[in-house]
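Peer 1: Quick one, structure for this:
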Amino acid sequence: MSERIERDFFARDEDEQKAFLEQTWCDSCMEVNLGMREPVEYELNDTVFIEGKCNRCGQLILTELTEDDF
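Peer 2: Below is the predicted model of the structure:
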């Protein structure tokens, strides 16, 4: 079983942070680009995730980063 490894979202450059915080999809609202707050970045099973709360409804938003994001 892999362990969740915390990463520092705020170590990313400002433009990259802005893109991840603005370009979102909320499963609850069923809308794109509502934005997220309180981002947390971590690695699990060799995959990097950024999760936060939807700016509109407050539900969890989870973004899985692909190689295209690096």
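
Peer 1: Is residue 37 in a helix, a strand, or coil?
Peer 2: Recorded secondary structure, residue 37: strand (DSSP: H, G, I helix; E, B strand; the rest coil).

Peer 1: Check the one 5 residues further on too.
Peer 2: Look at residue 42: counting by three-state DSSP, its state is strand.

Peer 1: can you map out the helices along the chain?
Peer 2: Ranges of helices within the chain are 14-22, based on DSSP state H.

Peer 1: Strands along that one, start to end?
Peer 2: Along the chain, counting by DSSP state E, strands occupy 5-7, 25-26, 31-32, 36-44, 47-54, 60-64.

Peer 1: In JSON lines: those strands, plus mean neighbour count and mean pLDDT.
Peer 2: C-beta: built from backbone N, CA, C; applies to glycine. Shown next, in JSON lines, are the strands of the chain (neighbours: other C-beta atoms under 10 Å; pLDDT from 0 to 100):
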{"stretch": "strand 5-7", "mean neighbour count": "12", "mean pLDDT": "98"}
{"stretch": "strand 25-26", "mean neighbour count": "18", "mean pLDDT": "96"}
{"stretch": "strand 31-32", "mean neighbour count": "11", "mean pLDDT": "97"}
{"stretch": "strand 36-44", "mean neighbour count": "15", "mean pLDDT": "97"}
{"stretch": "strand 47-54", "mean neighbour count": "17", "mean pLDDT": "97"}
{"stretch": "strand 60-64", "mean neighbour count": "16", "mean pLDDT": "96"}
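
Peer 1: Looking at the ones you listed, which is nearest to residue 14?
Peer 2: Minimum separation from residue 14 across the strands of the chain (C-beta to C-beta) falls at strand 36-44, 13.2 Å.

Peer 1: Does anything pack onto that closest one? Which helices or strands?
Peer 2: Judged by 3 or more C-beta pairs under 8 Å, 6 or more residues apart in numbering; DSSP states H and E, the packing partners of strand 36-44 are strand 5-7, helix 14-22, strand 47-54.
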